[in-house]
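J.: Mind folding the following:
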Amino acid sequence: MVWVKQVVDSVSMSTWSRSFYQNALAVPPMLLVSLVSGEMAIVLRGGTSSFAWGMVAASCVAGLGMSYFSFALRAVISATSFSVIGNVCKVLTILVNMMMWDQHSSEFGWLAF
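T.: Residues are numbered from 1 along each chain as shown. Model (predicted):
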């Protein structure tokens, strides 16, 4: 986190530029994963519904928003604060998940998070 904070502070790019650059760097590895897992073959055969494409589009919009706001937050707080916020968000996500869907994990699983 310290290195990313140093880059965010020293490289003059807008928050949108950082976000688009980060997501553009993620495209080639994800295309490779889709080829290896066989998902690309399903898409090319036309085996996806419009609902599935809508969910993919919504996921892309959510990911772009998360990327944008994480870079915006990194620009205004310290690396340590960003790490604390990130870890608290992960723990809160797990707690909310446990409260909403209690049938899929045991007490041992709760302790292992």
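
J.: quick one, domains of this structure?
T.: Domain segmentation of the chain under automatic domain parsing yields 1-76, 80-113.

J.: buried stuff in the last one?
T.: The one in question is domain 80-113. For domain 80-113, the neighbour count (16 or more other CB atoms under 10 Å) marks residue 82 as buried. Glycine gets a C-beta too; all of them are placed from N, C-alpha and C.

J.: What residues of the longest helix along the chain count as buried?
T.: For the chain, the helix that runs over the most residues, judged by DSSP state H, is helix 50-76. Within helix 50-76, the residues scored as buried using 16+ other CB under 10 Å are 67, 68, 70, 71, 74.

J.: Residue 6 and residue 24, how far apart?
T.: Per CB to CB, to the nearest Å, residue 6 is found 21 Å from residue 24.

J.: just residue 88 next, same as before
T.: Applying CB to CB to residue 88 and residue 24 gives a distance of 29 Å.
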